[in-house]
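Asker: What shape does this take:
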Amino acid sequence: MARTLNKLTDARIKSADLKAGRHSDGGGLYLNVKPGGSKSWLFMFHRDGKRRAVGIGPYPAMKLAAARQRAAAFRQMIAEGGDPQEALRQEKVPTFEECTRQFLGSMERQWRNDKHRAQWRSTLGEAYCSKILNKPVDRISTDDVLSILNPIWNEKNETASRIRGRIERVLDYAKARGWREGENPALWRGHLKSLLPPRQKLQRGHHPAMPYDSVPAFYTELCSKQAMAALSLRLVILTACRSGEALGATWNEMDLANAVWTIPAERTKAGRIHRVPLTDEVLVILQPLHELRRSDLVFPGNKSDRPLSGMSMAMLMRRMKLGHYTVHGFRSSFRDWAGDETNHAREVAEGALAHVSGDATERAYRRSDALAKRRLLLEDWANFVSR
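Answerer: Residues are numbered from 1 along each chain as shown. From the prediction side, this is the model:
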């Protein structure tokens, strides 16, 4: 009896309800959906009494129609006595550099901003992965991955961990394309975890934070400076926002009349709109800037259409002999103060940092962003900082 073909549809594949697992299109073609939501095509067949599988390519880089064409070619190959696995091996296996380029081409549209794309290209390029760039992806081994990670694992653990995860993604892509077989040499659990010290046992000093009891004196000194970098740093401290959110802020986001700053989803790390209550101390900074504005940007750089440099606040802290602390660390200062010195609820403090708290069910029932409660918290913080 003939096998049913073309069971899947584009609408079904794109559906958010599609569960993890293999979904048959018929004729040996399957859409493989991972728990995280990534999708790829598999062709499954029997040879020598064993069931075998080859990766055809990731979805949506490879559309349904193209996957069906490849599966039909494999079925014809099997009918003529050929072996799809061997045929794929005989195809030219790309180098890590070539594979990375193809992977990024298929994934970049999912990323929110140019900075994120540039980070992926940089960490998978000459800066860290020069030893494997020209190596075919099917020959990259655990030793190759360790040669990249070992020199930076202790001193740059956050960076090293990201590089490991990104190499793993590229090699997973290579396997889905049929260019690799076997275990991923960059896999952490059950593999590199046995060869490298766990992250929690290493230093977590990539964002050294000023102790919160030192912040008031620093803030007082900061108020004596009128440079744009000093004003933006004051905003970062008072609102506990991320530096990139402050530097990219526009006047359209600022509702000074109602004292609310609405950061759009595309500018937040979590990809969700974040409303920030503006305290009186923050308005003291913003209102004069608004009256003298020469740009849509709240903190323009030398060119009115470009924001202040991302290094401006860090350089200011260096000139103030406090370069051993980071700008991002003020978020930790705020969080430590809120936990140690106040009775504000934990979820309110986490909400002020735009962190997700609670499980999925709890978040589904929590419709409010607790703006009023967060306003009280930030007012207390402003009073503490500017005392």
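Asker: SS state for residue 262?
Answerer: When the structure is reduced to helix, strand and coil (DSSP: H, G, I helix; E, B strand; the rest coil), residue 262 reads as strand.
Asker: Determine the number of other residues adjacent to it.
Answerer: Using other Cβ atoms under 10 Å as the criterion, residue 262 is surrounded by 12 other residues. Every C-beta, even on glycine, is put in place using the N, C-alpha and C of the backbone.
Asker: Pretty sure it sits against residue 253.
Answerer: Yes. Contact status for residue 262 versus residue 253: in contact at 5.5 Å, counting by Cβ atoms under 8 Å.
Asker: ok, and the closest non-adjacent residue to residue 278?
Answerer: If the residues on either side of it in the chain are set aside, residue 278 comes closest to residue 259, at 4.2 Å by Cβ to Cβ, 6 or more residues apart in numbering.
Asker: Next one: that neighbour from residue 283, what distance?
Answerer: Residue 259 sits 6 Å away from residue 283 when distances are taken as Cβ to Cβ, to the nearest Å.
Asker: for residue 148, same thing?
Answerer: Here the criterion is Cβ to Cβ. By it, residue 148 lies 49 Å from residue 283.
Asker: between the two, which one's more packed in?
Answerer: Neighbours per residue (other Cβ under 10 Å) separate residue 148 from residue 283, with residue 148 holding more: 19 against 14.
Asker: any idea which element the more buried one lies in?
Answerer: With elements delineated by DSSP states H and E, residue 148 resides in helix 142-149, which encompasses its position.
Asker: now for that helix, which elements pack on it?
Answerer: In terms of contacts (3 or more Cβ pairs under 8 Å, 6 or more residues apart in numbering; DSSP states H and E), helix 142-149 is packed against helix 157-176.
Asker: quick one, the helix it packs on and helix 142-149 angle?
Answerer: Between helix 157-176 and helix 142-149, the angle formed by their directions is 150 degrees, by axes from the mean of the first three to the mean of the last three Cα atoms, to 10 degrees.
Asker: Return the alpha-carbon coordinates of helix 157-176 using CSV.
Answerer: What follows is helix 157-176, C-alpha atoms only, in CSV (Å, rounded to 0.1, in the frame of the first residue of the first chain):
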residue,chain,number,x,y,z
ASN,A,157,34.0,32.9,32.4
GLU,A,158,30.9,34.7,31.2
THR,A,159,32.3,35.2,27.8
ALA,A,160,33.7,31.6,27.7
SER,A,161,30.3,30.2,28.6
ARG,A,162,28.6,32.1,25.8
ILE,A,163,31.2,31.0,23.3
ARG,A,164,30.7,27.4,24.3
GLY,A,165,26.9,27.7,23.8
ARG,A,166,27.3,29.4,20.5
ILE,A,167,29.8,26.7,19.2
GLU,A,168,27.3,24.1,20.4
ARG,A,169,24.5,25.8,18.3
VAL,A,170,26.7,25.9,15.2
LEU,A,171,27.6,22.2,15.5
ASP,A,172,24.0,21.3,16.1
TYR,A,173,23.2,23.1,12.9
ALA,A,174,25.9,21.2,11.1
LYS,A,175,24.5,17.9,12.4
ALA,A,176,21.0,18.9,11.2
